[in-house]
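Enquirer: Generate coordinates for the sequence data below:
(one chain, ligands or ions: 1)
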Amino acid sequence: MASNDFRRHAPCSSPTIVFKKMERLIRQLLQTVAKLGQSDQAALLLIQSTETGLLLAGLLDEKITFPKKTISLKNTPIETFLKKNAHIDSYPCRLVDRYPFPCEDNGAVALQCLCVPLYNTAGRLQAVLLLARAGQDITAFYQLHIFERLQTLLAVTLETALENATLAKQTTVDSLTGLHSHTYFEKRLQEEFARCQRHGCTVSLLLIDIDHFQDIVIKYGAQNSRLVLLAVARVVMGAIRQEIDIPCRYNHSQVALLLPNTPIDGSFVVAERIRKRCEMLELPLANHGKIKITVSIGAAHNIEEIHDEESQSELENIMQNEAPFSESNQDQLSEVIESAEITKEDILYRAEVMLAAANQAGFNRTMVWW
Ligand SMILES: Nc1nc2c(ncn2[C@@H]2O[C@H](COP(=O)(O)OP(=O)(O)OP(=O)(O)O)[C@@H](O)[C@H]2O)c(=O)[nH]1
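Expert: Residues are numbered from 1 along each chain as shown. Purely as a prediction, here's the structure:
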């Protein structure tokens, strides 16, 4: 495996909520234009490059789907749009995955495709709206003048939606790992706590730290250490319940994993799965051959356990011997142990304590605040 393979396999988590909002808008847009064009086949194609477009959404038989499929634009009328600022036009149509798509060659195709190019404010063709109807004549789209008027409005609407999606993505996705960002983590931690307080459920938190990361940076360089971080992010993504668990970049060497509706013993199962998979990795780094890495994990949850004297003094012991924690932090720990109500700050602090304890105990292990 080449070193840049990590990047190819990087988890690319999309900010679902943002896309949901955009999808609602696109749904409305497609339904409206299809109605005006008296067509029950429509598609919205986002132009990615001169070579490819992304079939973002389509309407078939009054049903809208979001195939998000990349298709080739080579030798299609859309290629012509890309070369000059073309106007609304119509072409013989073939179906790509059952969605309308214009073609030069009429052949046996009995459909006609109305292409409405949508330019952004910089004059770049950003998308094409495609409507199909039976028949060969563009005048079949007898509401053509309406499309001409709508063209700018649709283009601006789409551009705004895309810009908003990009902006939201920048704040919710960590650009290096593709995990959720720290900002997103803070938000979701708050939300999960509110939800758990209301419904009395459990949420667990894992803090996953790459052992000796600073040494890795010094020994193998910044670029290679980024690959290490990416590889760990990839392991985490592959070891969790997709769309349920919430993996986030916590800081330069740590990943935070929120596990909704997961008791602490369940979080231990997940933590050990991640730790062992990281232990198995052999990472090919540029100019350094393959290296092995390990991670340490601190786990905590939002349920207050009544600690017996022995386990409480064990926790206090961990803290007293733990160098990275200052005296004021130790006072904070006492408050945490005694407090009856768990706050989101408590769970975070507890996970940090357990991570520090795992480091102190010799790295490459999971420690849990039971
Ligand atoms: N949130 C979360 N919890 C997990 C995951 N895998 C395991 N667990 C927790 O660990 C417990 C035991 O997991 P397993 O040993 O895989 O047993 P299981 O009953 O097959 O797990 P599930 O069918 O996934 O509930 C589960 O009941 C969960 O609480 C995971 O990917 N995400």
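
Enquirer: going forward, measure contacts and count neighbours with C-alpha atoms only.
Expert: Fine.

Enquirer: burial count for the residue in the stretch 51-200 of the chain that the ligand sits nearest to?
Expert: The ligand sits closest to residue 192 of the stretch 51-200 of the chain, with a gap of 13.0 Å, by Cα to the nearest ligand atom. Residue 192 has 20 neighbouring residues, counting by other Cα atoms under 10 Å.

Enquirer: helix/strand/coil for it?
Expert: Here residue 192 is recorded as helix under DSSP: H, G, I helix; E, B strand; the rest coil.

Enquirer: The stretch 251-370 of the chain against the ligand: which residues are in contact?
Expert: 259, 262-263, 266-267, 269-270 (Cα under 6 Å from any ligand atom).

Enquirer: could these go into JSON lines alongside neighbour count, secondary structure and pLDDT?
Expert: Shown next, in JSON lines, are these (neighbours: other Cα atoms under 10 Å; DSSP: H, G, I helix; E, B strand; the rest coil; pLDDT from 0 to 100):
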{"residue": "259", "neighbour count": "24", "secondary structure": "strand", "pLDDT": "97"}
{"residue": "262", "neighbour count": "18", "secondary structure": "coil", "pLDDT": "95"}
{"residue": "263", "neighbour count": "19", "secondary structure": "coil", "pLDDT": "93"}
{"residue": "266", "neighbour count": "12", "secondary structure": "helix", "pLDDT": "96"}
{"residue": "267", "neighbour count": "24", "secondary structure": "helix", "pLDDT": "97"}
{"residue": "269", "neighbour count": "12", "secondary structure": "helix", "pLDDT": "98"}
{"residue": "270", "neighbour count": "19", "secondary structure": "helix", "pLDDT": "98"}
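
Enquirer: ok, so of those residues, who is nearest residue 293?
Expert: Distance to residue 293 across those (Cα to Cα) is lowest for residue 270, with 18.3 Å.

Enquirer: Touching, the closest one and residue 240? I think so.
Expert: Yes: contact criterion Cα atoms under 8 Å: residue 270 and residue 240 qualify, at 7.2 Å.

Enquirer: hey, where'd the helices end up in this structure?
Expert: Ranges of helices in the chain, per DSSP state H, are 5-8, 16-36, 77-83, 144-172, 182-199, 213-238, 264-280, 309-321, 327-338, 344-360.

Enquirer: Fine, thanks again, bye for now.
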